[in-house]
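>>> Just the structure for this:
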Amino acid sequence: MTGHDDPLTAPHETTRHAVVVGGGLAGVTAALGLADAGLDVTLLEGRPRLGGLAFSFRRGELTVDNGQHVYLRCCTAYTRFLDRIDASRLAPVQDRLDVPVLDADTRKLARLRRTAAPVPLHLAASLAGFRHLSLAERASVARATLALGRLDPADPALDEEDFGSWLHRHGQSPRTIEALWDLVGVATLNARAAGASLALAAKVFRTGLLSEPGAADIGWAHVPLGELHDTLARRALDKAGVRTELRARVGAVHREEDGTWRVVTEDEELRAATVVLAVPQRETHALLPGGAIEEQDRLTRLGTSPILNVHVVYDRKVLRRPFFAALGSPVQWVFDRTAPSGLTGPGQYLALSQSAAQDEIDAPVSALRARYLPELERLLPATRGAGVRDFFVTRERTATFDPAPGSGRLRPGNRTAFPGLYLAGAWTATGWPATMEGAVRSGTAAAAEALRTLGRAHDHLFEEAA
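Model (predicted):
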C-alpha cells in the first residue's frame, strides 16, 4: 500500500475510503467526483493503461487509436470531462456541422451542413440540396423528422420497437434509410435501423438534430486518445489525490458483516465504505454479490455489438478533407489520422471506422485488404497507383452494448440493493447509447448516488447526469 494506511488495519479510515473498479471513462469520472468530495479514492484497472476502449498504442513510428471516436456539441458531460482533465483544447468541435457524404456509385458529393437558423430550419437548406435523395425522399425526411420530434425517448413502449419499422411506417425508403438515417444511426448506435431500439434512436436524433442548432457539431481528438484518456486523465487523478493502480484485476467483491466492502485483487485486499463497479456488464455480473439488483442475470442477456477499424498508410496524400462518410460502399466513415499519429513525410494515414461489423469482425486481414483497398480506389481516385506502406485492422468485438429493442429493460441503474455498492458504465441506464458521453454520465451519476448515501454534498460534480 503506497501513501495510505492499509484499510484492513485502519477501520477509522474505511468510511472515507472509496474503491472504483475500472479505469475507463466511467471509472475515471466516478473517481474524480468522489475525490473532489473529499473521499480517499483508490482506482483499480486491470489493464496497463487508463481509457477503457478509447485508447492508443504504438505501431512502429505511429501512435494508433484503437478506433476513431468522435463526440457532438450536445455531449455536455464529455465536454466537461475534457475541461476537468484540461484537454478541451486538444479535442475541438467544428464551428458548424459539416459532413461530406460521397456516393461511391455516382461519385457525387453532398454535404450535411447546418445554418444558424433555429431548429428545425437549421438543416432545411442542407436537406433541400442533399442530392443523394430524390425530392420526394427529401420531403419524406422532413415529415419523419417532425414525427420523431414528438416521441418521448423515456417511453418504455418505444424500447420494444425497432427504429427501422418506425421509419418504414413513416414513409422512409430503403435509400433514405441508407443515405441519411443509417449514416448517422450506425455511427452513434452501433446498429442499423432495423436492429436498434426506437427509444435510443429517438434519443440520438432528438438530442443531436432537434434540441438546438449546434447540437450535432462534431468534435474529435487532434492528438492520440491515450494523451487524453490516459496521460491527462492520470494527471487529473493524481492532482485529486486518487491512488491509481494499473494491472490490478479485481477477482472478488465481498460485503462484510458491518456493511463495508472488501475488494480483492491478486496483490491486495482493500476495505471501503463505497465501491463503484465501472467494468463491462458481464464482468460486473461476475463480481456482484447475489441479490444486488433485480433479475441479476439480465446483465448476461444484454448483448454486445462489434466495431472494426481498418487502417491504411499510403505513400502520398490521397484525401484533402479531415473526414467523409460514404454511401453505396462497405466503407462507412474515413478519417485522416496523419497528424495525430505522428506520421511524417509525404505519406497519409487513413482510418476507416466500421460500426455494426458483425459480418466482418472475425474476417482475416487478407480478406479485409482485398475488400477495402479497391473500395478506397472507387471513392478516392488519388489512391490509384499510390503505394500502401501499411495495412492493419483493430477489432473491438464487444465495443458497445447491443442497442436492440428491449435493451432498455436490461440496463440497470446506478444503485444496487446494498448501500455503498454502485454501478457505472455506458451500458447502465443512462438513456444514451454506448458513447463516451454515456460513459461519463454514468460515472457522474454513480458518484452522485454514493455521495447522497454518505450524506455528502455532490453539487461540485462537473456534470450530474439527468
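>>> what sits against residue 25?
By CB atoms under 8 Å, 6 or more residues apart in numbering, the contact list for residue 25 reads 51, 52, 54, 78, 81, 229, 426, 436, 439, 440, 443. No exception for glycine: its C-beta is placed from N, CA and C like everyone else's.
>>> Excluding residues flanking it in the chain, which one is nearest it?
Leaving out its chain neighbours, the residue that sits closest to residue 25 by CB to CB, 6 or more residues apart in numbering is residue 439, at 4.0 Å.
>>> Tell me who's in contact with that neighbour.
Residue 439 makes contact with 24, 25, 26, 29, 52, 424, 425, 426, according to CB under 8 Å, 6+ apart.
>>> quick one: average pLDDT of the strand or helix carrying residue 263?
Following DSSP states H and E, one finds residue 263 within strand 261-265. The average pLDDT within strand 261-265 is 97.
>>> Partner strands of it and their direction?
Partners of strand 261-265 in the sheet, by DSSP bridges, are strand 250-255 (antiparallel), strand 269-272 (antiparallel).
>>> can you put these in CSV and add distance to residue 111?
Putting the strands paired with strand 261-265 into CSV (distance: least, CB to CB, whole Å) gives the following:
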stretch, distance to residue 111
strand 250-255, 48
strand 269-272, 52
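>>> Of these, flag the one that's most buried.
strand 269-272 (a mean of 22; mean count of other CB atoms under 10 Å).
>>> What's the first helix or strand after that one?
Downstream of strand 269-272, the next assigned helix or strand under DSSP H and E is strand 274-277.
>>> tell me how far that next one is from the chain's mean position?
Its chain's average C-alpha position is 21 Å from that of strand 274-277, according to CA atoms, centre = their mean, to the nearest Å.
>>> any residues touching that strand, and which ones?
The list of residues contacting strand 274-277 from outside it, by CB under 8 Å, 6+ apart, reads 17-22, 27, 30-31, 34, 39, 253, 261, 263, 284, 287-288, 420-424, 443, 446-447, 450, 453-454.
>>> How about stretch 398-411?
When contacts are defined by CB under 8 Å, 6+ apart, stretch 398-411 is touched by residues 53, 67, 156, 159-162, 189-191, 195-200, 280-281, 298-299, 301-307, 426-430, 433-434.
>>> returning to what we had before: quick one: which of the strands paired with strand 261-265 is nearest residue 93?
Between residue 93 and these, the shortest separation by CB to CB is 35.8 Å, and it involves strand 250-255.
>>> just the CA coordinates of that closest one, formatted as CSV?
These are the backbone C-alpha positions of strand 250-255, laid out as CSV (Å, rounded to 0.1, in the frame of the first residue of the first chain):
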residue,chain,number,x,y,z
VAL,A,250,-10.3,-7.4,-9.2
GLY,A,251,-11.3,-11.0,-8.6
ALA,A,252,-14.0,-10.6,-5.9
VAL,A,253,-16.1,-8.0,-4.1
HIS,A,254,-17.4,-9.1,-0.6
ARG,A,255,-19.8,-7.4,1.7
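>>> Would you mark the buried spots in the lengthiest helix in the chain?
Counting by DSSP state H, the longest helix found in the chain is helix 436-454. By neighbour count with 16 or more other CB atoms under 10 Å, helix 436-454 contains the buried residues 436-451, 454.
>>> With stretch 332-343 instead?
Of the residues in stretch 332-343, those scored as buried under the neighbour-count criterion (16+ other CB under 10 Å) are 332, 333, 334, 335, 336, 337, 338, 340, 341, 343.
>>> give the contact list for the residue lying closest to the first one once chain neighbours are set aside.
When you say that, I think you mean residue 332. With sequence-adjacent residues excluded and distances taken as CB to CB, 6+ apart, residue 332 is closest to residue 354, at 5.4 Å. With contacts taken as CB under 8 Å, 6+ apart, residue 354 has the following neighbours: 307, 308, 309, 310, 330, 331, 332, 360.
>>> Just the ones in helices from these, please.
Secondary structure from DSSP H places none of the contacts of residue 354 in helices.
>>> Just put these in TSV and tack on distance to residue 396 and pLDDT.
Compiled in TSV, the contacts of residue 354 are given as follows (distance: CB to CB, whole Å; pLDDT from 0 to 100):
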residue	distance to residue 396	pLDDT
307	5	98
308	8	98
309	8	98
310	13	98
330	18	97
331	18	98
332	15	98
360	12	98
